[in-house]
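*Asks:* Provide a 3D model corresponding to the input given below.
(chains A and B)
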Protein chains: 2
Amino acid sequence: MSDAPAPPDLLSASKRELEEGAAFTPRFGPDGLIICVTRAAEDGEILMVAYMNAEALRLTLTTGEAHYWSRSRQSIWRKGATSGQTQKVREIRADCDQDALLLTIEAGGDGGACHTGRRSCFYRRLSETGDGETVLLFDQA
Amino acid sequence: MSDAPAPPDLLSASKRELEEGAAFTPRFGPDGLIICVTRAAEDGEILMVAYMNAEALRLTLTTGEAHYWSRSRQSIWRKGATSGQTQKVREIRADCDQDALLLTIEAGGDGGACHTGRRSCFYRRLSETGDGETVLLFDQA
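*Replies:* Take a look at the predicted model:
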């Protein structure tokens, strides 16, 4: 990620392989998780941001259905298992340094992804008030 | 994030305020960082995933130019300061539980965001080989 120039000691063969190689070597964080951004195949709308551990990623790859890691419940969760808002994975992308994933999905159920009942989790935008305070305004993503 | 049903003890007034309120109360992680997904205003393409600390967010809000926190360099970085790939912020959205941000930006310079020279950091997609191995294929996002 980023345009930050890498320090010379990171310009190694392994960094080149990470960025320019064909090997998929996802870089999970110290917590064992990798960030996943999920968008709708239909129109590219960003639906949610969540995490996967290695097992959730494995399940996603093998079943074709998005699985995530719930940090609050500390368990793997098949998206839509309770809500019906399943996610059929159409494509997964990795970013340059392989510490973020981008999923493109077809949503089941009502087509939404957010537990609040909205389609996207990003249903509020930041707005400045007259006195310089930042507040959230509700609108569709 | 997610459709995971919240445990009853989280269904508090503060959770409702977080999800349904107008107050912007970004939830930085234990490392002091919040995840940011950045997309192009032009066509909605996902360009990058990065992090902000409170000061990077403040600078982004006050200057209208995206600032991030570089985890590798442990410092704030004004996007494009060295690459010319500046990011004029058109909109910022917060997700349901306010622990992720979605920036919509106009890119300066060559219009790219990735330090590898590509427009998007997500220039590779996962692909299964015949023997069940997952590899990365290069193509445009």
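*Asks:* buried residues of stretch A:98-106, list them for me.
*Replies:* A:98-105 (16 or more other Cβ atoms under 10 Å in any protein chain shown). Quick note: C-beta positions are derived from backbone N, CA and C, even for glycine.
*Asks:* intersect these with the contacts of chain B.
*Replies:* A:100, A:102 (Cβ under 8 Å from any Cβ of the partner chain).
*Asks:* close to chain B, is the longest helix along chain A?
*Replies:* The longest helix of chain A (DSSP state H) is helix A:54-63. Yes. Helix A:54-63 is in contact with chain B by Cβ under 8 Å from any Cβ, via residue A:61.
*Asks:* which one of the buried residues of stretch A:98-106 is nearest to residue A:40?
*Replies:* Using Cβ to Cβ, residue A:105 comes nearest to residue A:40 of the buried residues of stretch A:98-106, at 6.7 Å.
*Asks:* report pLDDT for residue A:3.
*Replies:* On pLDDT, residue A:3 comes in at 56.
*Asks:* one more: residue A:10?
*Replies:* 48.
*Asks:* try the one 5 residues further on
*Replies:* Confidence per residue is given as pLDDT, and for residue A:15 that number is 91.
*Asks:* show me where chain A has its strands.
*Replies:* Using DSSP state E, the strands of chain A run over A:34-40, A:46-52, A:67-70, A:75-78, A:87-94, A:100-107, A:124-128, A:134-138.
*Asks:* who does the fourth one pair up with?
*Replies:* Using DSSP bridges, the strands paired with strand A:75-78 in its sheet are strand A:67-70 (antiparallel).
*Asks:* how deep is residue A:58 tucked in, by neighbour count?
*Replies:* 14 (other Cβ atoms under 10 Å in any protein chain shown).
*Asks:* likewise the one 3 residues further on?
*Replies:* Counted with other Cβ under 10 Å, the burial measure for residue A:61 works out to 16 neighbours.
*Asks:* repeat for residue A:138
*Replies:* The burial count for residue A:138: 10, using other Cβ under 10 Å.
*Asks:* that one and residue A:113: what is the separation?
*Replies:* Residue A:138 sits 17 Å away from residue A:113, taking Cβ to Cβ, to the nearest Å as the criterion.
*Asks:* now do residue A:30
*Replies:* For residue A:30 relative to residue A:113 (Cβ to Cβ), the value is 27 Å.
*Asks:* who has more neighbours, these two?
*Replies:* The neighbour comparison of residue A:30 against residue A:113 (other Cβ under 10 Å) goes to residue A:113, with 31 against 6.
*Asks:* closest one of the buried residues of stretch A:98-106 to residue B:60?
*Replies:* The closest of the buried residues of stretch A:98-106, once distances to residue B:60 are taken by Cβ to Cβ, is residue A:100, at 19.1 Å.
*Asks:* now do the same for the closest one: its pLDDT.
*Replies:* 98.
*Asks:* who does the nearest residue to it once chain neighbours are set aside bridge with?
*Replies:* Ranked by Cβ to Cβ, 6 or more residues apart in numbering or on different chains and with sequence neighbours excluded, the top spatial neighbour of residue A:100 is residue B:49, at 4.1 Å. With DSSP bridges applied, the residues forming beta bridges to residue B:49 are residue B:37.
*Asks:* same thing with residue A:103?
*Replies:* Residues in beta-bridge contact with residue A:103 (DSSP bridges): residue A:38, residue A:92.
*Asks:* where are the low-confidence patches of chain A?
*Replies:* Chain A contains residues with pLDDT under 70 at A:1-12, A:140-141.
*Asks:* residue A:17 against residue A:97, yeah?
*Replies:* No. Using Cβ atoms under 8 Å as the test, residue A:17 is too far from residue A:97 to be in contact (11.1 Å).
*Asks:* if you count surrounding residues, which of those two has more?
*Replies:* residue A:97 (19 against 13).
*Asks:* and the more buried one, how far from chain B?
*Replies:* Counting by Cβ to the nearest Cβ, to the nearest Å, the separation of residue A:97 from chain B is 8 Å.
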